[in-house]
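Asks: sequence below, structure please.
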Amino acid sequence: MSRKIRTRFAPSPTGPLHMGGVRTALYCYLFAKKNNGDFILRVEDTDQTRFVKGAEEYIIETLQWCGIKPNEGLSYGGDFGPYRQSERKDIYAKYAMDLLEKGDAYYAFDTPEELSAWRDNMKGQGNPSPKYDPITRQYLKNSLHLSEDEVSRRLKAGEPWVIRYKMPRNEEVKFEDEIRGIVSFQTNQLDDKVLLKSDGMPTYHLANVVDDHLMEITHVIRGEEWLPSTPLHVLLYRSFEWQMPSFAHLPLILKPDGKGKLSKRDGDRLGFPVFPLNWKDPSSGEASIGYKERGFLPDAFINMLAFLGWNPGTEQELFSLDKLIHTFSIERVGKSGARFDFEKTKWFNQQYIKNKSNEELVQLTAALFEKDGYQADQDTLLNICELVKERATFLHEIPSLAYYFFEEVKEYDEKNLRKKWKNENSDAFKQLLSSLSDLEDFKSEAIEKLVKDFMEKFSLGFGQVLPILRISITGTMQGPPIFAVMQVLGKTNCLNRLQKGVTLAKELQA
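Replies: Numbers count the residues shown, from 1 in each chain. The predicted structure follows:
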């Protein structure tokens, strides 16, 4: 009988959650949901020296904003808790002792100072990167080479110790990665990692494997930076005689230019966020803007992240979260790094804004309109959002794109106004103003018909009329359909603006 699919996202609370971490959470979530499984949030805080205040809350808030909802985990509860590793401290010692009894681990009593001196000595002898491994361990202070009495004495005396994994010699560790296929490592290239410290706190390696087993995790989906740790994890599963989960190591998200992994420095240098939400470093006070505050929609952000390493195998690019769940597969995640493209990211956001209903956009931008001092009834805001949303890349741009619905034109495109105006058409435009003034049904269709009839009557082309009309009403040649804009503005506003525009055009000709 096959096990229920269970994936986990296990970040460390050492700072704000990078967009690469969100992508890992997303892929874990999509895979679990695609297979009717569970997605778990677990915080790995065994390294208390690197704990950053507010980081846990940031992780939870980010997943909430993105719509990635765990079935269980930190702040969500569940039957496999606690979901914070520091609260599971008493669990791990038992498993470390099991490894000692099996001969797959040993006590090491080397102090940090002794290890530092040893490494310096090894480097002086021509070994640039000395490791605590099957060769060097025989010259170091551990239970493999100390007598039982000496080990017992040191333990009873309360000397600091660690438990290290006993890496076998001359073995090939092979496992199948869901993305990379068969991966193999030679144990002679690996070191004896610390598993447990004398204060009872485990390292990542022991806690990770024990927790994944106890929480019945079936698939470990994580970044490729954890690939070198996997052979040790495979050996730990073998030592414990546990069923091993499937591994899938995701490709790196690469910087837009040059080589290497995308970092905060790249965002600072090129002017884009790398964190999903605003973050203020509690120690330095340095503030970083997030995608949310920059004006991105969470579904656009998620859609963009999904494509950084995965593709559906079709030309389709826009996927809701539900559609991603239906379409996603690990088999279509690539091995090579995915280059981040901020222009493409903005394109995703633009598409999602354009495709939002007017009701949704009014709800999302109501506070932004209010902040700019713009007030209108619900129907007017709905019409305005309909007209300007196709030109908006960010949510906060919508009020500024619509400013002329709330206040007089700030600046005219005088170059085009001068170019398009002909003084000989002055009388014709007087007639247009009069006709618009008499128009009772001031709706876009009626306005359009009136203007077209006017152009036919005076033998004027679109290029002689519409630019004057548009610049007078909005100040610019660009924008939504001008007749729809006029309907929203109303007759009085339009007449006043057109009169003002015609007057300015004449002055520019003088």
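Asks: which residues of this structure score low on pLDDT?
Replies: Judged against pLDDT under 70, the low-scoring parts of the chain cover residues 1.
Asks: what about 80?
Replies: Of all residues in the chain, those with pLDDT under 80 make up the ranges 1-2, 48, 258, 510.
Asks: how is it carved up into domains?
Replies: 87-250, 408-509 (automatic domain parsing).
Asks: can you put these in TSV and add mean neighbour count?
Replies: C-betas here are computed from N, CA, C, even on glycine. Rendered in TSV, the data for those read as follows (neighbours: other CB atoms under 10 Å):
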stretch	mean neighbour count
domain 87-250	16
domain 408-509	16
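Asks: which stretch among the ones you listed comes nearest Leu297?
Replies: Checking the domains of the chain against Leu297 by CB to CB gives domain 408-509 as the closest, at 20.5 Å.
Asks: list of residues touching whatever helix or strand Glu507 lives in?
Replies: Element membership of Glu507 [criterion: DSSP states H and E] is helix 491-509. Helix 491-509 is touched from outside by 408-409, 412, 414, 417-418, 420-421, 423, 426, 429, 432-433, 436-437, 439, 442, 468-469, 471-473, 486, 489, with contacts defined as CB atoms under 8 Å, 6 or more residues apart in numbering.
Asks: just these: which are in helices?
Replies: By the criterion of DSSP state H, membership of the contacts of helix 491-509 in helices covers 414, 417-418, 420, 426, 429, 432-433, 436-437, 468-469, 471-473, 486, 489.
Asks: OK, contacts around the spatially closest residue to Trp279 that is not a sequence neighbour?
Replies: With CB to CB, 6 or more residues apart in numbering as the criterion, Trp279 has its nearest non-adjacent residue at 3.8 Å, and that residue is Pro16. With CB under 8 Å, 6+ apart as the criterion, the residues that contact Pro16 are 55, 58, 275, 277, 279, 288.
Asks: hmm, back to that, in JSON lines, list the domains of the chain along with distance to Lys33.
Replies: Written out in JSON lines, the entries for the domains of the chain read as follows (distance: least, CB to CB, whole Å):
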{"stretch": "domain 87-250", "distance to Lys33": "12"}
{"stretch": "domain 408-509", "distance to Lys33": "39"}
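Asks: if we can go back for a sec, sec struct for the residue nearest to Trp279, please.
Replies: Classification of Pro16 into helix, strand or coil gives coil, according to DSSP: H, G, I helix; E, B strand; the rest coil.
Asks: for it, give me phi and psi.
Replies: Taking degrees, to the nearest 10, you get phi -70, psi 150 for the backbone angles of Pro16.
Asks: ok, Lys457 to Val465 distance?
Replies: Separation of Lys457 from Val465 (CB to CB, to the nearest Å): 11 Å.
Asks: re earlier: closest one to Phe296 among the domains of the chain?
Replies: Phe296 lies closest, by CB to CB, to one member of the domains of the chain: domain 87-250, at 21.8 Å.
Asks: what's the span of that closest one, first residue to last?
Replies: Start and end residues of domain 87-250 are separated by 29 Å (CA to CA, to the nearest Å).
Asks: contacts for stretch 151-166?
Replies: Residues outside stretch 151-166 that contact it (CB under 8 Å, 6+ apart) are 96, 99-100, 103-109, 111, 132, 137, 142-144, 146, 192-198, 205, 232, 235-236.
Asks: burial count for Ala32?
Replies: Applying other CB atoms under 10 Å, we find 25 other residues in the vicinity of Ala32.
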